[in-house]
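Engineer: pasting the structure only:
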């Protein structure tokens, strides 16, 4: 009887393993895609910081070389528009990070089922 129960358990485990094995193979492509998405997000973050720094340097140079109130007001207006654009990019980045975090949690739970 023990042998029958043991063999039944082994067959059941093999069936579950092969069924989940197919699911596990599909997860590999998702893991690669997630890694690519993370790489793109990190690259975008670095690019945003570089753009922000370059923009500040440009405004600083313009303020140093400008004379009078009119050019300074124009530069200040441009600075405010740039700040708004950077905030918008930040909000978009936050949304993307939240989506990636959610997808990561889902994927990790499915990977855990394969283990």
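Structural biologist: Arrived safely, thanks for sending. Note that this is a predicted model, so its numbers are computed, not measured.
Engineer: centre of the chain to stretch 66-86, how far?
Structural biologist: Distance, stretch centre to chain centre, for stretch 66-86: 32 Å (C-alpha atoms, centre = their mean, to the nearest Å).
Engineer: so, low pLDDT: which residues of the chain?
Structural biologist: Judged by pLDDT under 70, the chain has its weakly predicted residues at 1-21.
Engineer: show me where it has its helices.
Structural biologist: Taking DSSP state H to define them, one finds helices in the chain at 2-65, 69-114.
Engineer: make JSON lines out of these and add mean neighbour count.
Structural biologist: Bear in mind the C-beta positions are built from the backbone N, C-alpha and C, glycine included. As requested, these are exported to JSON lines (neighbours: other C-beta atoms under 10 Å):
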{"stretch": "helix 2-65", "mean neighbour count": "11"}
{"stretch": "helix 69-114", "mean neighbour count": "12"}
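Engineer: thank you kindly, that will do.
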